[in-house]
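S.K.: I need the structure of the sequence given here:
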Amino acid sequence: MSKTITLLLSTSPYSYENTLTAVRIAESALNKGNTVNLIASADGVYCFLKKQKAKGITNAEEEFSRLIQKGLKVSL
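M.R.: Numbering: from 1, shown residues only. Sure thing, here's the model as predicted:
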């Protein structure tokens with residue numbers, strides 16, 4: 001039985017590990033066939049800016065774009 005999981009992301013993409021944690025939780029839930037909603041507010045919306053130049057760390061925009069292709073639903 002699939003479940004619906006909703007995540008709230010309100011911190012900037014590279015200041016804390018919250019972004020990477022949200023990516024990992026969302027990916028794991030999607031891989032198990034669950035529905036995942038992500039609400040980005042405040043600084044969390046910066047995770048979705050195009051053409052980010054993250055060096056040496058995970059690029060938030062690329063990761064979330066990949067998850068959107070897998071079914072992640074995002075509300076800004």
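S.K.: can you report phi and psi for Ile39?
M.R.: When quoted as degrees, to the nearest 10, the phi and psi of Ile39 stand at phi -110, psi 120.
S.K.: the lengthiest helix in the chain packs against which elements?
M.R.: In the chain, assigned by DSSP state H, the helix with the most residues is helix 18-31. Using 3 or more Cβ pairs under 8 Å, 6 or more residues apart in numbering; DSSP states H and E as the contact test, the elements touching helix 18-31 are strand 4-9, strand 35-40, helix 60-70. C-betas here are computed from N, CA, C, even on glycine.
S.K.: highest mean neighbour count out of the ones you listed?
M.R.: strand 35-40 (a mean of 18; mean count of other Cβ atoms under 10 Å).
S.K.: restricting to C-alpha, output that one in PDB.
M.R.: What follows is strand 35-40, C-alpha atoms only, in PDB (Å, rounded to 0.1, in the frame of the first residue of the first chain):
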ATOM      1  CA  THR A  35       3.800   9.700  -3.400                       C
ATOM      2  CA  VAL A  36       6.100  12.500  -2.200                       C
ATOM      3  CA  ASN A  37       5.100  16.200  -1.900                       C
ATOM      4  CA  LEU A  38       7.700  18.800  -1.100                       C
ATOM      5  CA  ILE A  39       6.800  22.300   0.000                       C
ATOM      6  CA  ALA A  40       9.600  24.800  -0.400                       C
END
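S.K.: re the thing from before, make CSV out of the helices and strands packed on helix 18-31 and add distance to Val23.
M.R.: As requested, the helices and strands packed on helix 18-31 are arranged in CSV below (distance: least, Cβ to Cβ, whole Å):
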stretch, distance to Val23
strand 4-9, 9
strand 35-40, 10
helix 60-70, 5
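S.K.: out of these, nearest to Thr21?
M.R.: Proximity to Thr21 (Cβ to Cβ) singles out strand 4-9 among those, at 9.1 Å.
S.K.: check contacts around Thr6.
M.R.: Val36, Asn37, Leu38, Ile39 (Cβ atoms under 8 Å, 6 or more residues apart in numbering).
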